[in-house]
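# sequence plus predicted model, see below.
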Number of protein chains: 2
Amino acid sequence: MKKIACLALSLAATLMGYSQNADSVLLKNVSDEIMLHGTCYENLRVLTKTIGHRLSGSPEADKAVEWGRKAMTAAGAENVWLQPVDVPVWRRGAESLKLQLDGKEFVTVSMLSLGNTDGTGGKMLEREVICVPDMDAFAALPAEKVKDKIIFFNYSFRQDIINTFEGYGDAVKYRWMAVNKAADRGAAAVIIRSVSTGADDAPHTGTSHYTDTTRHIPAVAIGNTSATKLAAACSNHTVKAQLISDCGMNGTKRSYNVIGEIKGTEEPNEIIVVGGHLDSWDVGEGAQDDGAGCVQSIEVLRSIKALGIRPKHTIRAVLFMNEENGTKGGNAYADSSKKANEQPIFAMESDAGGFTPRGVGLEMPLEPKQKIRRWAPLFMPYGVYDFMQEESGTDIGPMRKLNVPLAGLLPDSQRYFDLHHSRNDVFEAVSHRELKLGAWTMAAMVLLVDKYF
Amino acid sequence: MKKIACLALSLAATLMGYSQNADSVLLKNVSDEIMLHGTCYENLRVLTKTIGHRLSGSPEADKAVEWGRKAMTAAGAENVWLQPVDVPVWRRGAESLKLQLDGKEFVTVSMLSLGNTDGTGGKMLEREVICVPDMDAFAALPAEKVKDKIIFFNYSFRQDIINTFEGYGDAVKYRWMAVNKAADRGAAAVIIRSVSTGADDAPHTGTSHYTDTTRHIPAVAIGNTSATKLAAACSNHTVKAQLISDCGMNGTKRSYNVIGEIKGTEEPNEIIVVGGHLDSWDVGEGAQDDGAGCVQSIEVLRSIKALGIRPKHTIRAVLFMNEENGTKGGNAYADSSKKANEQPIFAMESDAGGFTPRGVGLEMPLEPKQKIRRWAPLFMPYGVYDFMQEESGTDIGPMRKLNVPLAGLLPDSQRYFDLHHSRNDVFEAVSHRELKLGAWTMAAMVLLVDKYF
């Protein structure tokens, strides 16, 4: 009996060895296909250089939808369609900020209004600036230091936190909530230090949020260099600001998720989703955030088709609309998937930049998580080693209610928040090899899920 | 007895746990110091933007020596000195390359002569170009296709190899040896496709090498885009090239390694070395190669001093001169160390770029290697996971004969050979956080070696 068990074990080990070897050959073929013939970098060039940034509801977003449809078709997707999404429309308008940094002259400072906020209606708002390092210091301010003042939240992105996504989670509440705290106490406007790791003066935008009861006061971000100067000025003398902005919500508009797929040969109704988001903020070119995720998702389809692989399950790439200021695309996709009685079995998003991949975040029950972690040796030769985090992605988040195992590409995070939501997020900040390695990581995950899920 | 053994084991485990915990606190303090107060990025800005590139023997190299001395002193090094090194002097001179890409018109193509080669003496050399994909194809060429022709070695950097340093090892022989092969068969000159992963047309220089018997024919590199065009042209019609160059060796010159140290409290004659190289090629700014390694090595000293840590062994930072085209500084350091009867116990080099660190290469016997590998859990929270490679560095290589355990910082390799030895290796290509994390990795290694070696 022992001998038979031993034989069985040895056979199992051999078969597992064979299987691992077959998988590693498959993944090497995919890697060669993407590294040598991948079109994702050229796709990203076209998206960023011929269209540029593409905020939901903008003419550029319309062009990006058309670009996506064509790129999916060129990649060899068998079905390509547009899924309607009604998106909120926010427009920036003309804006400027002048500060009395020396206590006398007003000097123009580079700034960006925060997304989804209202501006000054194009009129000049001139008020004293009160500087606070954080929320606690703001709460401790006496009423007269808040009422009708411009509150400057000078909270710095914590450079001591190694994973910048953790630092982002810490700092982003100032972009998201400070405006409410200030408005509720009668402030006239808010300036925040940008949620940025940048060693520069680039302002970074991003969504802010009025609660139902918040007065809609303006909220803007300034770059790190200006923030340091403003804080120094405030500690030396009274500083006034002159803010002009004309931003605001402007209804909703019909837009689309762009979807392409390769039909599964055995379980076509069981769907593996890869995606990124097609919209971007209205500055820079939305290259790392998230043109990268879009072209990587398309590359997954292209490489599978180019290699003649016939997946058992349907592999679907989704370019989500409106991640940045509404998540309407993510919601529309999950709702539609539920309505159609589809069975999504796995979803993976790339929305953390097109930098060198280091891992895959796994937001799912223990059983599929452990299954995936056993694949780690297959990824190690590609420098992808981290399967211990729980991140997935904003656009696939609504699929949580469908009990889908969710995953997120985890690229190197060191440069991302230098660029994110700023004018510096351009094509030139993307490395062709890093982008392709991320696409490979997604393709590899998809093919292993197709085989073993 | 078993109980006592268990107790002893448990005690050992507790002590090890305590020790690991103390180490992890120490390394976090170092990380905070470097990430929040590190001066390496600003040091790199000054080196690259006020001096720029600095080939051995150039006036800029002299200025860099003086910069290094000051930067070491500012970092708090207790002893700072210049170690004499006689370096070869190579000068580029005016140069140009024109190609008949359409078979008729000569068009100017971006090019760089290879380092240490001789040029055309400033005269125009006009010859037919013969294109070969690799050494084997060259060997198979009939004599009349080589004699007095310009041989174009169109060998591509293999983008399918994930670790680009392996790809470099494969491709660099064309830069190093092709000129000999061609000269020995009577060719007039050599053009190579740059040893570059770049998706662009930047030519990359770097050392080439005449054997003692080689005729000194010119050798130049062109960028990837031009190489692809030239190969296409050669397959369509006869192509002539017009090459003018005026480069050549110009004797030797006295230069220096820059050395700074913190004296050990218990074993001052046992020395832990960290280093990078101060010279660079004569294009770009030598930012990633290897300004990064220099400022990181200085940062090791600075952070240790700033934290008031008193190392048992002497910690020494060395900015080596002449890595690029002679390794005279590395040899001078090892020779001097031997002469002075110093006992170097560990040496670590950073000369693979200032990108996010992923590991530490270990070129040493099994025993110290295994000791270091047991530290891996301390590095994991910083994304430094790879202790399996055997790389160290060119400048510390001569210490091999002193039986010193050698180590090399292993940064992410994806972008390095886009920039290496080209005009694109500038300060802007360096991320302040990536640079600092690399410095932390070196400081962490140094402090653990100081404690446990």
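Happy to help now that I have it.
# contacts and neighbour counts: CA atoms only from here.
Noted.
# wait, A:Arg215 touches A:Arg185, no?
No - contact criterion Cα atoms under 8 Å: A:Arg215 and A:Arg185 do not qualify, at 9.8 Å.
# show me what the longest strand out of those in chain A is packed against.
Across chain A, the longest stretch assigned as strand under DSSP state E is strand A:248-262. Strand A:248-262 sits against helix A:59-74, strand A:79-91, helix A:292-306, strand A:313-320, helix A:328-339, with contacts defined as 3 or more Cα pairs under 8 Å, 6 or more residues apart in numbering or on different chains; DSSP states H and E.
# and it, what's buried?
Judged by neighbour count (16 or more other Cα atoms under 10 Å in any protein chain shown), strand A:248-262 contains these buried residues: A:Gly248, A:Ser255, A:Tyr256, A:Asn257, A:Val258, A:Ile259, A:Gly260, A:Glu261, A:Ile262.
# which bits of the stretch 351-453 of chain A sit near chain B?
Residues of the stretch 351-453 of chain A found near chain B (Cα under 8 Å from any Cα of the partner chain) are A:Thr356, A:Pro381, A:Tyr382, A:Asp412, A:Gln414, A:Arg415, A:Ser431, A:His432, A:Arg433, A:Glu434.
# all helices of the stretch 101-250 of chain A, in order?
For the stretch 101-250 of chain A, the helices defined by DSSP state H, counting those that start in this stretch cover A:135-139, A:164-184, A:224-236.
# relative to A:Gln100, which of the ones you listed is closest?
helix A:224-236 (8.1 Å; Cα to Cα).
# buried stuff in that closest one?
Using 16+ other Cα under 10 Å as the test for burial, helix A:224-236 gives A:Asn224, A:Ser226, A:Ala227, A:Leu230, A:Ala231, A:Ala233, A:Cys234.
# assign a three-state SS to the most centrally placed residue in chain A, would you?
Nearest to the geometric centre of chain A sits A:Asp351, at 3.7 Å (Cα atoms, centre = their mean). Taking DSSP: H, G, I helix; E, B strand; the rest coil as the rule, one finds A:Asp351 in the coil state.
# does it touch A:Ser413 like I think?
No - contact between A:Asp351 and A:Ser413 fails when scored by Cα under 8 Å: they sit 11.4 Å apart.
# which residues does A:Phe387 contact?
A:Gly359, A:Val360, A:Gly361, A:Leu362, A:Arg373, A:Ala376 (Cα atoms under 8 Å, 6 or more residues apart in numbering or on different chains).
# er, A:Ala241 I mean
Applying Cα under 8 Å, 6+ apart, the residues near A:Ala241 are A:Leu97, A:Lys98, A:Leu99, A:Gln100, A:Phe106, A:Leu125, A:Glu126, A:Arg127, A:Glu128, A:Val129, A:Ile150.
# how about a cut-off of 7 Å?
By Cα atoms under 7 Å, 6 or more residues apart in numbering or on different chains, the residues touching A:Ala241 are A:Leu97, A:Lys98, A:Leu99, A:Gln100, A:Glu126, A:Arg127, A:Glu128, A:Val129.
# restricted to strands, list these.
Those of these lying in strands (DSSP E): A:Leu97, A:Lys98, A:Leu99, A:Glu126, A:Arg127, A:Glu128, A:Val129.
# beta partners for the residue lying closest to the first one once chain neighbours are set aside?
Which is A:Leu97. Among residues not flanking A:Leu97 along the chain, A:Leu243 sits closest, at 4.6 Å (Cα to Cα, 6 or more residues apart in numbering or on different chains). Note on A:Leu243: beta-bridge partners by DSSP bridges are A:Leu97, A:Leu125.
# any idea how far chain B is from A:Leu243?
Per Cα to the nearest Cα, to the nearest Å, A:Leu243 is found 32 Å from chain B.
# just confirm A:Lys263 contacts A:Ala317, I think it does.
No - A:Lys263 lies out of contact with A:Ala317 (Cα atoms under 7 Å); the separation is 11.5 Å.
# between these two, who's got more neighbours?
Looking at A:Lys263 and A:Ala317 with other Cα atoms under 10 Å in any protein chain shown, you find the greater number of neighbours at A:Ala317, namely 30 against 21.
# do you know how far the more buried one is from A:Trp81?
11 Å (Cα to Cα, to the nearest Å).
# kindly report the same for A:Thr314.
For A:Thr314 relative to A:Trp81 (Cα to Cα), the value is 15 Å.
# count of neighbours near A:Thr214?
16.
# what's the nearest residue to it if we skip its chain neighbours?
Per Cα to Cα, 6+ apart, closest to A:Thr214 is A:Asn180, 5.8 Å.
# residue contacts, the one you found?
When contacts are counted by Cα under 7 Å, 6+ apart, A:Asn180 touches A:Tyr210, A:Thr211, A:Thr214.
# can I get these in CSV with pLDDT?
Below are the contacts of A:Asn180 laid out as CSV (pLDDT from 0 to 100):
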residue, pLDDT
A:Tyr210, 96
A:Thr211, 94
A:Thr214, 88
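# would you format these as a markdown table with distance to A:Pro344 included?
Shown next, in a markdown table, are the contacts of A:Asn180 (distance: Cα to Cα, whole Å):
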| residue | distance to A:Pro344 |
| --- | --- |
| A:Tyr210 | 34 |
| A:Thr211 | 34 |
| A:Thr214 | 39 |
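# now stretch A:217-226: average pLDDT?
The average pLDDT within stretch A:217-226 is 98.
# I meant stretch A:32-41, not that one.
What stretch A:32-41 shows for mean pLDDT is 98.
# same check, this time on stretch A:274-287
If you average the pLDDT over stretch A:274-287, you get 98.
# who's in contact with that stretch?
A:48, A:52-56, A:61, A:289-291, A:293-294, A:297, A:316-324, A:347-351, A:421-427.
# same check, this time on stretch A:290-301
Outside stretch A:290-301, the residues that touch it by Cα under 7 Å, 6+ apart are A:38-40, A:43-44, A:72, A:75, A:77, A:274-278, A:280, A:317, A:319, A:350-351, A:353-354, A:435, A:438-439, A:442-443.
# where's A:Arg54 relative to chain B, distance?
26 Å.
# ok, the longest strand of chain A: who's next to it in the sheet?
Here strand A:248-262 has these sheet partners by DSSP bridges: strand A:79-91 (antiparallel), strand A:313-320 (antiparallel).
# just those: most buried one?
Of the strands paired with strand A:248-262, the one with the most neighbours on average (mean count of other Cα atoms under 10 Å in any protein chain shown) is strand A:313-320, at a mean of 28.
# which residues touch it?
A:257-278, A:294, A:297-298, A:329-330, A:395, A:450.
# CA atoms of that strand as CSV?
The C-alpha trace of strand A:313-320 is given here as CSV (Å, rounded to 0.1, in the frame of the first residue of the first chain):
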residue,chain,number,x,y,z
HIS,A,313,-13.4,30.5,-21.3
THR,A,314,-14.3,33.8,-22.9
ILE,A,315,-11.5,36.3,-22.5
ARG,A,316,-12.8,39.8,-22.4
ALA,A,317,-11.0,43.2,-22.4
VAL,A,318,-12.9,46.1,-21.1
LEU,A,319,-11.9,49.8,-21.4
PHE,A,320,-14.0,51.3,-18.7
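# now it: average pLDDT?
Mean predicted confidence for strand A:313-320 is 98.
# related to what we said a few turns ago, just give me the closest of the contacts of A:Asn180 to chain B.
Among the contacts of A:Asn180, A:Tyr210 lies closest to chain B (Cα to the nearest Cα), at 33.1 Å.
# which one is that closest one nearest to, not counting chain neighbours?
A:Asn180 is the one closest to A:Tyr210 (Cα to Cα, 6+ apart), at 6.1 Å.
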